[in-house]
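1. have a look; sequence and predicted model below, questions after that.
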Amino acid sequence: LTPDSCGIIIFGASGDLVYRKLIPALFNLYTRNLMPITFYILGFARTEMTDEEFKERIRNSLISVHKISDTQMVESFLSQCRYTSGEYNDIEAYRRLQKKAAGCDCDFTKKENKLFYLALPPQLHPTVVSRLSQSGLTMEGENEDPWARVVFEKPFGHDLKSALELDKHLTSMLNPSQIFRIDHYLGKETVQSILMLRFANIMFEPLWNQRYIDNIQITVAESVGVEHRGGYYEKAGCLRDMFQNHMLQMLSLVTMEPPTRFKAHCVQSERVKLLHAIRPWSERTLKDNIVRAQYVEGKVNNEDVHGYHGEPNIAPDSTTETFVGMKLYIDNWRWQDVPIYMRSGKRLSMRESEIAVTFKRVPHSLFGLESQHEMPSNILVMKIQPNEGVDLTIHTKQPGPKACMASLSLSFKYSEVFDTVPQDAYERLLLDCMLGDRTLFLSREGVEAAWKIVDPVLNFWRDHPEQAPLHTYSAGSWGPKASDELLLRNGHQWRNPP
Ligand code: BG6
């Protein structure tokens, strides 16, 4: 599992994502001996900094923020970090970068493999890729030796049209095999384990279809608000921020057909096929099956918090949605007419992400209940985060002389069973990228298929705002009433953890 020696060149190296996610992930890989035997990290951003100042930022983040106590390990990691600054569109800056990288190749890796990580707003992606290509930095050798890979953070475009344009631009500068599109949800242990649960156990798959499954719910609830990301979020909104990527990718893993092998192209193509099978929206379903809402002030974890309009960098009359709930259907033999409910929002009651598969009731009730409609269902819950684990509700006999039924859960928690917290998604994805494994990355077709689901909704909201009202919900609640009503119409309810 040890990747080839390589340089990791991070664009946007003064930004928040780098210190919050990327550096800790690289450091953890380092401490677990999963980094290449020789490597270096070269930061690039507009902010002028010396190597020492860059190292000081990393040191500070690892020790003070991420509470790493092994200072010797931190210093050893830092000795492989370098920095250079420049404007993203200035070709001279790329020449300097090239020179610095060549020096690092010589000092550290003796190889020219490079992983470029674009931790940058998407509008900068085309410029950076053009300049990288013009300066020859992304040129690969024969048989990808040395290799050059470029990792792109979402969002991939703002809508279908811009995503296609972006893709055209990227593929004119890079080979498809050089492009790695990250959706960090695919790197989460629990999201990956969906496939193991489904395909490494015989008992679920025979029931995994419309004959036995009543409905599926996917919830990604966050208790945080938009924090300091108002500038980005105002333009994105919840549908682009969470559904176009994370939610639809999780849905595809839960509902796709079994891939023939656990190889990138097999898994990616099954995910895409599933997205293509989602029933296209009609004017009626756009209006009736989707709820958008924005939070107003309320209490989260017993603390009073502002409404969305009170957050920094938010327009006072903003109509950006911070919550989306929807019902959709998948038109294929396996899932015909099984309602799929998905919701995600900021400033909800708690941080809780789960996928709940509710099975149909038994066809006949033996145990004294009036009818089988009173029998509770079996529910399989994949707990994505926090408290990662799996929970299966089953029914059994209560001890005693009467045939009384009790519902209980067969469950396990990763932290208890494996005595470890799951690996961070970025760790896994950075490692896979260095290893050249694309299984957990998005394909061009996957991104396009997801936009085809989201685009009509965005257009409908823009063109018919009167038919898609922006509801409100109190911070700290489980969303607007309209989202509960969406399920009630089918006799269902959201599973709100207590
Ligand atoms: C990001 C979104 O992709 O995912 C954020 O841009 C969101 O708005 C985040 O908060 C959620 O990720 P996680 O891993 O904290 O669930």
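-> That came through, no problem.

2. what comes up buried for stretch 266-282?
-> 267-275, 277-279, 281 (16 or more other C-beta atoms under 10 Å). (Glycine included, C-beta is placed from N, CA and C.)

3. typo on my end, it should be stretch 231-249
-> So, applying 16+ other C-beta under 10 Å, buried residues of stretch 231-249: 233-234, 236-249.

4. can you list contacts of that stretch?
-> Contacts to stretch 231-249, defined as C-beta atoms under 8 Å, 6 or more residues apart in numbering, come from residues 121, 154-155, 158, 183-186, 191, 218, 220, 226, 271, 275, 292, 313-315, 318, 320-324, 326, 342, 344-346, 442, 446, 450-451, 453-454, 457-458.

5. once you drop chain neighbours, what's closest to Gly43?
-> Ala13 (2.9 Å; C-beta to C-beta, 6 or more residues apart in numbering).

6. pretty sure Ser353 sits against Ser223.
-> No - Ser353 is not in contact with Ser223 according to C-beta atoms under 8 Å; the separation is 11.5 Å.

7. ok, those two, which is more surrounded?
-> A direct count of neighbours by other C-beta atoms under 10 Å for Ser353 and Ser223 places Ser353 higher, at 23 against 17.

8. and the contacts of the host helix or strand of Gln98?
-> Per DSSP states H and E, Gln98 falls inside helix 91-104. By C-beta under 8 Å, 6+ apart, the residues outside helix 91-104 that reach it are 7, 9, 40, 42, 44, 82, 84-87, 114, 131-132, 134-137.

9. helix or strand for Phe262, which one?
-> Using DSSP H and E, Phe262 falls outside every helix and strand.

10. same question for the one 4 residues further on.
-> Under DSSP H and E, the secondary-structure element containing Cys266 is helix 264-277.

11. just checking, what packs against that helix?
-> helix 248-255, helix 444-463 (3 or more C-beta pairs under 8 Å, 6 or more residues apart in numbering; DSSP states H and E).

12. so which of those helices comes closest to Arg495?
-> Taking C-beta to C-beta, helix 248-255 is the member of these nearest to Arg495, at 15.0 Å.

13. buried ones in that closest one, by neighbour count?
-> Neighbour-count burial for helix 248-255, counted by 16+ other C-beta under 10 Å, picks out 248-255.

14. gap between Gly157 and Val128?
-> 16 Å (C-beta to C-beta, to the nearest Å).

15. cool, and Glu189?
-> Distance check for Glu189 against Val128: by C-beta to C-beta, it reads 31 Å.

16. endpoints of stretch 331-342, how far apart?
-> 17 Å (C-alpha to C-alpha, to the nearest Å).

17. mind listing what's buried in it?
-> 332, 334-335, 338-342.

18. got a list of contacts for that stretch?
-> Contacts for stretch 331-342 (C-beta under 8 Å, 6+ apart): 208-210, 213-219, 243, 247, 251, 255, 257, 277-279, 324-330, 486-487, 490, 492, 494.

19. so which of the residues you listed are in strands?
-> 213-219, 324-328 (DSSP state E).

20. just the buried ones from those residues?
-> Looks like the ones in strands among the contacts of stretch 331-342 have 213-219, 324-328 buried, using 16+ other C-beta under 10 Å.

21. can you redo these as CSV with pLDDT and distance to Asp105?
-> CSV is the format used below for those (pLDDT from 0 to 100; distance: C-beta to C-beta, whole Å):
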residue, pLDDT, distance to Asp105
Ile213, 98, 53
Asp214, 97, 57
Asn215, 98, 54
Ile216, 98, 49
Gln217, 98, 50
Ile218, 98, 44
Thr219, 98, 46
Val324, 98, 46
Gly325, 98, 50
Met326, 98, 49
Lys327, 98, 53
Leu328, 98, 49
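
22. Ala403: which of the residues you listed is nearest?
-> Of all these, Ala403 sits closest to Asp214, with 24.6 Å by C-beta to C-beta.

23. what residues are up against the closest one?
-> Counted by C-beta under 8 Å, 6+ apart, Asp214 has contacts 338, 358-361, 377.

24. what distance do you get for Lys154 to Val267?
-> 19 Å.

25. what's the answer for Leu164, then?
-> 23 Å.

26. try Glu227
-> For Glu227, the distance to Val267 - C-beta to C-beta - is 33 Å.

27. so what pLDDT did Pro498 get?
-> You'll see Pro498 listed with a pLDDT of 67.

28. Pro122 now?
-> pLDDT, Pro122: 86.

29. my guess is it contacts Phe156. True?
-> Yes - contact status for Pro122 versus Phe156: in contact at 7.0 Å, counting by C-beta under 8 Å.
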